[in-house]
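> Whatever this is, show me its structure:
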Amino acid sequence: MRRTLLLGVCISVIACARPNAKSAPVASPRPAATDPGSASVSVELPRIGVQVRAPMAMTQFERSESASDGPVRVEGASCRVGTQQYSVLRYFRDGRPRASEAALLAGTRKLFKSVTREAALSLGEYNASEIEGTAADGSAAWVRAYPVGDGFLLAQVAQTQGAIERNSAREFLESVRFSPPWSVHAFPAGRFSAWLPDGSQEFDRTALHAENFAVARAFLLGGKEERLFLVYSAPLTGTGVTPDERMDRGAEAMMNSGTRIVWQGPLDVDAARGREYLLQMGKSWSRLRLVVTDADLYMLQANAASKSALLQSDVQEFLDSLRWYPER
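Residues are numbered from 1 along each chain as shown. This is a model prediction of the structure:
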């Protein structure tokens, strides 16, 4: 995140410009949303961002577990046909940074007493590990594990008697689709809110070396694109400086730090003046939106490994989501 931190320092030039210078309760099982008009049913699990086709209606569940660094919430759904069970679940760690993808995928092997097949694959922009073998409880198991945000997503089929029925298992595992759920996050210290991905790894002002900001938060989804979303706010200091002068000085500071400004353009957000940028920082790309009100500077920033990843609709929705309110 070093390039991101440098950009945050550059943005502080704008705000400081001077003239001329918990344990989750276990939910009751409930059927997931399904389409009964098919031999297999379409199941939607919006809280974990998953769509899947299962051989029958699935029952949702939620439970809490403990890790060495704090609580873990597990949420998903499962169904059983005969002695074969199908399940999909996601582990959430309350925003705490997790182990690396390599370490997390390697940990999946610990679910098995013996492994007969292992392969690397992907689900959209997320890497995955596929393992078949005998689980610790003696059942035959076929698992796909995807590191996502602050935890990981698991899709698995287990057979307690004999070999796995492979056709239905493959159909189930290959039908999994994942799209991170988003929600409105409020930041009272900066008197604003923004639309952000849930279940991300979160970093605060200290981690971002931005203690002088009222708010400085980062939300890392990860994956091949290492997508990162940041929000900043800071009260304005100095008088007699126009919003465009502040943003010009910020652009100069970014270029002096080695950031390449590929494109920039003005925008008006409600009654405030703003500017939008497309930036290249070493091998990463960023879309940045600045908004300067009478009293505060706001910044929303989306980072990714490629420029094309910043063209996804959720990035635009994030940039458009800023809402602020006056101090009472």
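> Please save the CA atoms from the host helix or strand of Ala234 in PDB.
According to DSSP states H and E, Ala234 maps onto strand 227-235. Below are the C-alpha coordinates for strand 227-235, written out as PDB (Å, rounded to 0.1, in the frame of the first residue of the first chain):
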ATOM      1  CA  ARG A 227      -8.900  -3.900  -5.400                       C
ATOM      2  CA  LEU A 228      -8.800  -1.300  -2.700                       C
ATOM      3  CA  PHE A 229     -11.300   1.400  -1.700                       C
ATOM      4  CA  LEU A 230     -10.300   4.400   0.400                       C
ATOM      5  CA  VAL A 231     -12.200   7.300   2.000                       C
ATOM      6  CA  TYR A 232     -10.600  10.400   3.500                       C
ATOM      7  CA  SER A 233     -11.900  13.600   5.100                       C
ATOM      8  CA  ALA A 234     -10.200  16.600   6.600                       C
ATOM      9  CA  PRO A 235     -11.300  20.000   7.800                       C
END
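> That strand packs against which elements?
When contacts are defined as 3 or more CB pairs under 8 Å, 6 or more residues apart in numbering; DSSP states H and E, strand 227-235 sits against helix 2-15, strand 192-197, strand 215-222, strand 296-304. From N, CA and C alone the C-beta is placed, and that goes for glycine too.
> Give me the buried stretch members for the last one, please.
For strand 296-304, the buried set under the neighbour-count rule, 16 or more other CB atoms under 10 Å, comprises Asp296, Leu297, Tyr298, Met299, Leu300, Gln301, Ala302, Asn303, Ala304.
> now that strand: mean pLDDT?
For strand 296-304, the mean pLDDT works out to 96.
> Could you do the third one as well?
If you average the pLDDT over strand 215-222, you get 95.
> what inclination does that strand have with respect to strand 227-235?
Using axes from the mean of the first three to the mean of the last three CA atoms, to 10 degrees, the direction of strand 215-222 lies 180 degrees away from that of strand 227-235.
> which residues touch strand 215-222?
Residues outside strand 215-222 that contact it (CB atoms under 8 Å, 6 or more residues apart in numbering) are 1, 4, 8, 97, 101, 126, 147-149, 180, 187, 189-190, 192, 196-197, 200-205, 207-208, 210, 226-233.
> go again using 6 Å as the cut-off
Strand 215-222 is contacted from outside by 149, 180, 187, 189-190, 196-197, 200-203, 205, 208, 210, 227-233, using CB atoms under 6 Å, 6 or more residues apart in numbering.
> just the buried members of those residues?
Those of the contacts of strand 215-222 that meet the buried threshold are 149, 180, 187, 190, 196-197, 200-203, 205, 208, 210, 227-233, by 16+ other CB under 10 Å.
> Can you name the element that comes right after the helix or strand containing Leu279?
Per DSSP H and E: Leu279 is located in strand 272-281. Next helix or strand after strand 272-281 toward the C-terminus (DSSP H and E): strand 284-292.
> Pairing partners for that following strand, with directions?
With DSSP bridges as the test, strand 284-292 is paired with strand 272-281 (antiparallel), strand 296-304 (antiparallel).
> Could you point out which of those sits nearest Val50?
Nearest of these to Val50, taken as CB to CB: strand 296-304 at 22.2 Å.
> and the angle from the closest one to strand 192-197?
Here strand 296-304 runs at an angle of 10 degrees relative to strand 192-197 (the same axes, to 10 degrees).
> who's in contact with strand 296-304?
Strand 296-304 is contacted from outside by 11, 14-15, 225, 227-235, 284-291, 310, 315, 319, 322, using CB under 6 Å, 6+ apart.
> and the gap between Thr242 and Val292?
9 Å (CB to CB, to the nearest Å).
> okay, these two: which has more neighbours?
Neighbours were counted for Thr242 and for Val292 using other CB atoms under 10 Å; Val292 has more, 26 against 11.
> Can you tell me, leaving aside adjacent residues, what's nearest to that one?
Pro243 (3.9 Å; CB to CB, 6 or more residues apart in numbering).
> Would you agree that neighbour is in contact with Asp294?
No - look at Pro243 against Asp294 with CB atoms under 6 Å: they stay out of range, at 9.3 Å.
> Run through who's touching the helix or strand in which Ala155 is found.
Assigned by DSSP H and E, Ala155 belongs to strand 151-159. For strand 151-159, contacts defined as CB under 6 Å, 6+ apart pick out 84-93, 104, 139-146, 164, 169, 173, 176.
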